[in-house]
Structure formats: structure tokens, C-alpha cells
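S.K.: Below is the sequence, then the predicted model.
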Amino acid sequence: MVEQVRKLLEKRVESPAELENLRQSIAGKRDTSRTCISVCGGTACRAAGAEAVVDAFVDEIERRELQVQVEMKETGCPGFCERGPLVVIRPSKIFYQQVKPEDVPEIIAETVLGGRVVDRLLYVDPSTQEKVTYEPDVPFYKKQTQNILGANREIDPTNIEDYIASGGYSALSKVLTGMKPQEIVDEVKKSGLRGRGGGGFPTGKKWQSCLDAESNIKYVICNADEGDPGAFQDRALLEGNPHSVLEGMIIGAFAIGSHQGYIYVRNEYPLAVKHARIAIEQAMDYGLLGENILGSGFDFTVTIIRGGGAFVCGESSALMASLEGKIGEPKAKYVHMSEKGLWDSPSLLNNVKTWANVPLIINKGADWYSKIGTAGSKGTMIFSLVGNIKNTGLVEVPMGITLREMIFDIGGGIPNGKKFKAVQTGGPSGGCIPEKFLDTPVDFDELTKLGSMMGSGGMIVMDEDTCMVDVAKYFIEFLKGESCGKCTPCREGINRMSEILSRITQGKGKPEDLDTLEDLAGILSAGALCALGQTAANPVMSTLKYFRDEYIAHIEQKKCPAGVCRELIQYSIDPEQCVGCLRCLRACPTGAITGEKKEPHTLNQGLCIKCGACYDVCKFNAVVRQ
Amino acid sequence: MELTLDFPKVKEIVESYTEKVDSLIDSYAGNKEQLISLLQDIQAEFNYLPQDVLVKISQKLDIPLSQVFSVVTFFRAFTLKPRGRHVVTVCLGTACHVKGGSRLVEKMERDYGIKPGETTEDMRFSLETVNCLGCCALGPVVVVDGKYQSKVNPDKLDRVLRGYK
């Protein structure tokens, strides 16, 4: 016990000067020429088997007694999820992808000890067929500006010393030693930073109203209830660099005069919860959180609250209700949460990415920050590029880059030789953008003009095999399940839209349905209580606007042009192509396919449930979907 | 451990865990606002939220039972029914949807007769859906008892589930 207390006291940093000394001493102890094997430990790489790879490296390093020469590190997610598990050998930054445990002895023998590259583990650029040896040369990374995400690949998120060594908490030192609260808020205002969680509200303005609100108790909240399907950048940041989020929150708390903070994080993100917890504990031990932070007299603590899995809790007032232990129903916002939020006290709520931008703005200055981006949207934005795209992953780019650059230059385009159809941005509140707008610069205002929105940065690419009516139905079904049911326009309006869309996808649509959908959309946006309802019709309206012919095909010709809507398609077997391999016959769950070996099979339409199992397994393109 | 729906048996199990329940609730004493976290911990322990425990929470933390119940039924993460030996979670995020995730839910219904939120009669599987796990590169994603399965098609789902008895 005494020993533990002594150790704690030793760790505690009492002043900004001591923090600098600590940084120097950590750097002094580190040998930058030493071989370091870093394995991405993000959720996606773990799901692809990264943990077994880490274990294999640890075993092999022990077996060969290389502990002194070689350092092993499990880092955060640098973004290239498509190719996980990712391994980088530093300092040369040799980049291996899709590494398996059985590759590990070879990597150690060849690369670490022999200085040779293991050719077969290198990334091959699909467009040029060239092999890429070093991580910075990977085309996926080359066109990005990873101001926020970049640190993920360098640091072990469970080790505060890594963050400190990389310059961490220096922004906090700066504000505690020389900046007045108003100066901090002014700097954030001047940077032009806008909220990264959805609406894009000017962050500085929010901070100002919290600073101006008169109250002894104020709260700082980090919104990590990342609910947009297809968006996972908040998770990657909280998992991969939790201290950058904490540092932003401490600066925000100091600026508005808050002493209690909360991180509201999805329970579906267990690793993010774990890493945020470890980060808070370590920051407490080092005197960067808790009482008398860095000897400044300022106190601030952070508590983690796990969400219950309700999309609506990403909305500020619903989130705060949930923090109070109540059901997550939004309130009408006659008064802003920044004046009367959690337990009726002024509350400063920002998204994970917004908080992570704060240390950067303080360190490098608002002038530097505001040089990046467009007139109305400053800085970089992290997008998750997913769906029918070659390079799935996280992409951090300056605001203003075009959709085309993102999807084709960074994302590598559409796989399997398919054609691009649309990109869906902004999650269930956003819309689908067609090909003719691919040269639009991506920022808050431009996306809104197209009937979509930035949202949390989800970007779902859809190919020609995607049915846009089905996509609209998907989002409306999603929102039907997630509407809290408090206000009538949202509860009833979304239900009616869902009924109409289901009808259309079943071939029972009526021409007047499209007008009804538009009417309902108008009622929702005018009458719903919170943003969930107000924007709920966006996926329907944008697909109606840009893909109206698909709706009409469903209604008038009773056809689904993309071949997705079950009631409107038919499977059959082309006897010319069928070689009689029995694969589809075995895969069919209803026995609708019959035939002998090496004889063309036949499909009984009466028994077919259109599950598509035969279509998936056929290797000869003999199953036809019409 | 075999869990069935009959109440006496559930009660027996709950009683055998009384100590655990008490210590969990006590660890949140005075923190009414952390109700959701407490419920998550209880559910992590029991796989579901037994009624007795909800009554106990209400009494010990001085929260109206109606409020406890409203929170439990509002949030998707909570369930009042015991779940099967294996929980199969199908991701229905947008990326998994465009890659065919919903066909896996249909397959579960076809092969095992369970819809999302339901459990097979033999308590072998419970089916859940989630709106995105953020492993979009690996979609469609299915999680069985916490283990992630990537690029799952109906055929692969069959093979995977065979390993869970």
C-alpha cells in the first residue's frame, strides 16, 4: 500500500514545467533507431485476427530472446480496415497487410533480423498492380491529411507516456499557464471549428454561451454515442487516442468553468469503453485530471457512462436525459442545452472528433487551423468510407475535397467492375448523392445544398446493384425503430412512410404515393420535435429527387431495376450455362431446384422464396435474376 | 447452465446470485443517475434482467419501479427474457445492409424460427440485431457470443453456427 502511494506520488506531475521534464525524460529513454513492430489493435483489425498476430509476435520475440532489440506495440486504428490485420515495422515503416499468425516467424527472421522484405505480405495497388513497401507510400494514405487520426498509428492507447512523448497535454499546459477562459473561447471561435457530430454548429459559439451562462455548476460532455450506421470514426479515436479527447475536454472545462465531465459512449464499443477508462485512470495518476491539475488549482474529473443502444440518444437533450438515468426522450429546445442542460445546469456537449480538434487548435493556433478547409468549414474531417468500395476504412481529408477524389482516388473506386450509383452521407438524417454531383466539394454547406448533410462523417458508397427505393426503406425502417415516440409527426409520419415504401417495394405502389411521401416529409421537417424527426425524410426525399425513375419503375412497371426487391424479381436457371454441379440444389432451402448431376437443373417458381442462395453459390452464372 | 422460462427455476438462479446482485447494486448506491450502467452490469451477469432484480434495484436505489421499467423497455440493449446459450448478433448497419446482412436475419427465421429478439425453444440461440458495429470492411458481420465473424453469407452462417451446440 505504502509502495503504491509512493509510486502514485512519483508519477504525479505538479506543474507544466514538470510535464515538459517528463516529456524530455521519456524521449531520452527511447531509442528511435530500435526496431518497433506495431500491430493495429482497432476493433476491425481485432475482428480480422490481430490479437492472435500480437500473441504470435510476443511468443516469437521471447523464443528468440529479442526483447531488448525489438519493441512490440499494439496501436490504434490508422484507418485502412480493408487490409487488416495491419503490421508496420519501424523505423523503416515497412508495411505488411492481412498478416496471419503463421506469417510471424518469417517476418521476424527475414525483416527484423535479416533486413529483407517479405514480398507476399506487401500491399498491391489494385490500379497499377505495383507493390508498395512503405506505409507512407500506400495510395490510400498518400492523399489524406491525418492531423487527428495520424497519431493513432504511433501510440499505444493504453500508455499515457506514448501520448505525452508525442507532445500530448502541451495544449493543456498552454491554457493553464497563460490563457484566460475568454481567450480560449476566442481562439476556438477564430479557428472556425464546427461541431463534428452532425449539425455543424459553430463550436466557439456554443462554448461562449456556456461561458456566459451564470451557474456554479456546469458540465462538459463528450458525445461518443456514435449511432449512424456505417460511421465508426468516433470509436477509432476513443479507442486509438483517448487522451486527445480527454485533453480537449479538460481545456473545454477550464474555459467554461466546469468541474465534472462525462463521456457518453455506446456500449456496443467495448474496446473504446475500456481504453477511455484506462486513459482516465492514468490521467488521474499523472495529475492531469482530478484535483489541482498541473498545480493550477483547477479541478476536473471525467466519468464514463455507457449508452443503452438508442440512436436518439445522440441528440443532445435525449443524451442528457439518459445521463440522468431516464429514458432518452428529447425535449423541445426553447432554451439551449448550453444554458440549461444536464440537471438544468449549463452543459457543453461536443462530439468526440470536435474535442480531439481542440488541442490541435490551441497548440498550432487558430490562424494555422483556419487555413485548412473551405470558407465555411475549417479543418479536416474524418470520414468512414464504406459499402461497395475497394478500400473500406477511415479517411481524414481537408474540408473541400471532392467526392470523386475521396471515392475513386482514396477509396479506389467500386469493386468487381461494377458502376458507381450513389453515395449516402450523413447517416439516417442524410441523403443519397448521385454521380453527377461527384465533383462537389465536401463541406457542411455543400452537402446540405444537395439535400444531404455532413452528419458524423459516414459515407456509404453504393453500386449499380443497389436499389434506391430499398435504401430509402432501409433508413425509414431504421428510424421507425429508433423514433422515441414522443411527438406525433415523427412517430406517425415515419410509420406511414414506412408503410408506403414497403408497399412500393412489394409492387403494390400507387402513383399518388410519391406525392403523399412528399407531403409527409414536409410535415416531419416542420413539425417534429428533434433533429431525428426533422431530418428523417432526407433519405426518401433525396432518392425521390435523384432516382425518381426507380420509384416509377417499381410502381408502374412493377420492376426493381437493381434486382433487390424480392416481390419484384424472379430467379431462373439458364440451361445453356448450367453444368449440373448440384451446388444450387443443395443450397436451396425449400427444395425448389431439382435435377440430376451433370444435367441442367430446373427451378420451380411455386416453391421459390427468392432467398438468393442459388444465385450466391453458382459459379457458372447460370442462375439468372430478373 | 440450462435456463428455462419457468419462474421457480429463474427464481432459484436469482437467489443463488443474491450476493452478486446485492454487491452490484450497492456499488451504485447513491448514484441514481447511473441506473443504465447498473442495468448493463446486471444484464452482463445474467444475460437478461430478472424481474426480482428490477424490484430490488427500485427499492435499494429509491427509483420508482415504473421508471426502472421504462428505462429497461426503452433501450434496445435490455431484455426481460432469458436468452439462449448462444447470442447471435447480426449487424444491420448500412454497409452490412448493402452487402446482404438482412438475408442472414431471414435465414435465421427460416432455419431456426426466430426473429430478432427471440430465442429458440431449445434455448440454443437468441437472435439480436445491431445497427452498426463499425467493422464495415468485414461486412456482413455476425457476432456469435462476442466472436466476430466476417464476410458472412448464408452458407458461412450455417458453417459457423454448427460449432455452437
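M.R.: Good, I have the coordinates.
S.K.: who's in contact with the spatially closest residue to residue B:36 that is not a sequence neighbour?
M.R.: Once flanking residues are discounted, residue B:36 sits nearest to residue A:308: 5.0 Å by CB to CB, 6 or more residues apart in numbering or on different chains. All C-beta atoms are positioned from the backbone trio N, CA, C, and that covers glycine. Counting by CB atoms under 8 Å, 6 or more residues apart in numbering or on different chains, residue A:308 touches A:267, A:322, A:328, B:36, B:39, B:40, B:71, B:74, B:75, B:76, B:77, B:78.
S.K.: again, 7 Å this time
M.R.: Shown in contact with residue A:308 (CB atoms under 7 Å, 6 or more residues apart in numbering or on different chains): A:322, B:36, B:75, B:77, B:78.
S.K.: which stretches of the chain have low pLDDT?
M.R.: Picking chain A for this. For chain A, residues meeting the criterion pLDDT under 70 lie at A:1-9.
S.K.: Wait, chain B was what I had in mind.
M.R.: For chain B (pLDDT under 70), the answer is B:1-16.
S.K.: Close to chain A: what parts of it are there?
M.R.: Those residues of chain B that sit near chain A, judged by CB under 7 Å from any CB of the partner chain, are B:32-37, B:40, B:67, B:70-71, B:74-78, B:93-95, B:97-98, B:103, B:106, B:110, B:130-138, B:148, B:150, B:153-155.
S.K.: Tell me which entries of those lie within helices.
M.R.: B:35-37, B:40, B:67, B:70-71, B:74, B:94-95, B:97-98, B:103, B:106, B:110, B:154-155 (DSSP state H).
S.K.: hmm, which of the contacts of residue A:308 are the buried ones?
M.R.: A:322, B:36, B:75, B:77, B:78 (16 or more other CB atoms under 10 Å in any protein chain shown).
S.K.: Now for these: which two are most distant?
M.R.: Across the buried ones among the contacts of residue A:308, the longest distance by CB to CB is 12.8 Å; it joins A:322 and B:78.
S.K.: how far does the helix of greatest length in chain A sit from the chain's center?
M.R.: Counting residues, the longest helix found in chain A (DSSP H) is helix A:488-505. What separates the centre of helix A:488-505 from the centre of its chain is 28 Å, taken as CA atoms, centre = their mean, to the nearest Å.
S.K.: List the residues that contact the most centrally placed residue in chain A.
M.R.: Centroid check for chain A by CA atoms, centre = their mean gives residue A:232 as the closest residue, at 2.1 Å. Residue A:232 makes contact with A:226, A:384, B:134, B:136 under the criterion CB under 7 Å, 6+ apart.
S.K.: Equivalent analysis for residue B:39, please.
M.R.: Neighbouring residues of residue B:39 by CB under 7 Å, 6+ apart: B:49, B:71, B:72, B:78.
S.K.: Closest one of the residues you listed to residue A:368?
M.R.: Each of the contacts of residue B:39 was scored against residue A:368 by CB to CB, and residue B:71 proved nearest at 45.4 Å.
S.K.: Wait, the closest one touches residue B:35, no?
M.R.: Yes - if you go by CB atoms under 7 Å, residue B:71 and residue B:35 touch, sitting 5.9 Å apart.
S.K.: can you tell me the residue of the stretch 401-550 of chain A closest to chain B?
M.R.: residue A:460 (4.7 Å; CB to the nearest CB).
S.K.: Specify the local secondary structure of that residue.
M.R.: Recorded secondary structure, residue A:460: strand (DSSP: H, G, I helix; E, B strand; the rest coil).
S.K.: mind giving me the domain split of chain A?
M.R.: Under the assignment automatic domain parsing, the domains of chain A span A:33-141, A:160-370, A:380-463, A:468-557, A:570-625.
S.K.: wait, which of those is closest to residue A:17?
M.R.: Here domain A:160-370 is closest among the domains of chain A (CB to CB), at 8.6 Å.
S.K.: Return the distance of that closest one from the chain's centre.
M.R.: Here domain A:160-370 is found 17 Å from its chain centre; the criterion is CA atoms, centre = their mean.
S.K.: how far does that domain stretch from start to finish?
M.R.: With CA to CA, to the nearest Å as the measure, the first residue of domain A:160-370 is 29 Å from its last.
S.K.: Chain B: strands as residue ranges?
M.R.: Listed in chain order, the strands of chain B (DSSP state E) span B:86-91, B:125-130, B:142-144, B:147-149.
S.K.: Could you do the stretch 301-450 of chain A as well?
M.R.: Here the stretch 301-450 of chain A has its strands, by DSSP state E, counting those that start in this stretch, at A:301-306, A:347-351, A:380-387, A:393-398, A:420-425, A:431-434.
S.K.: residue contacts, the nearest residue to residue A:238 once chain neighbours are set aside?
M.R.: Nearest in space to residue A:238, with sequence neighbours left out and distances taken as CB to CB, 6+ apart, is residue A:272 at 4.1 Å. Contact analysis of residue A:272 by CB under 7 Å, 6+ apart lists A:224, A:235, A:238, A:239, A:265.
S.K.: For residue A:332, the count of nearby residues, please.
M.R.: Neighbours of residue A:332 under the rule other CB atoms under 10 Å in any protein chain shown: 10.
S.K.: tell me the phi and psi of it?
M.R.: The phi and psi torsions at residue A:332 (degrees, to the nearest 10) take the values phi -70, psi 130.
S.K.: any idea how far it lies from chain B?
M.R.: Distance of residue A:332 to chain B, computed by CB to the nearest CB, to the nearest Å: 19 Å.
S.K.: Could I get the contacting residues of that residue?
M.R.: For residue A:332, the contacting residues are residue A:529, by CB under 7 Å, 6+ apart.
S.K.: which stretches of the stretch 101-250 of chain A form strands?
M.R.: A:123-124, A:131-132, A:219-224.
S.K.: Adding mean neighbour count, write those out as JSON lines.
M.R.: Formatted as JSON lines, those follow (neighbours: other CB atoms under 10 Å in any protein chain shown):
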{"stretch": "strand A:123-124", "mean neighbour count": "17"}
{"stretch": "strand A:131-132", "mean neighbour count": "16"}
{"stretch": "strand A:219-224", "mean neighbour count": "28"}
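S.K.: ok, now which ones touch whichever residue of the stretch 51-200 of chain A sits closest to chain B?
M.R.: Proximity of the stretch 51-200 of chain A to chain B (CB to the nearest CB) peaks at residue A:81, 3.8 Å away. By CB under 7 Å, 6+ apart, residue A:81 lies in contact with A:44, A:392, A:393, B:137.
S.K.: wait, which of the residues you listed is closest to residue A:123?
M.R.: Using CB to CB, residue A:393 comes nearest to residue A:123 of these, at 12.4 Å.
S.K.: wait, isn't the closest one in contact with residue A:83?
M.R.: No - judged on CB under 7 Å, residue A:393 makes no contact with residue A:83 at a distance of 8.2 Å.
S.K.: So those two - more neighbours on which side?
M.R.: Legend: neighbour count by other CB under 10 Å for residue A:393 and residue A:83, higher for residue A:393 (26 against 21).
S.K.: partner residues bridging that one?
M.R.: Beta-bridge partners of residue A:393, counted by DSSP bridges, are residue A:385.
S.K.: which residues does it contact?
M.R.: So residue A:393 contacts A:79, A:80, A:81, A:82, A:140, A:385, B:137 (CB under 7 Å, 6+ apart).
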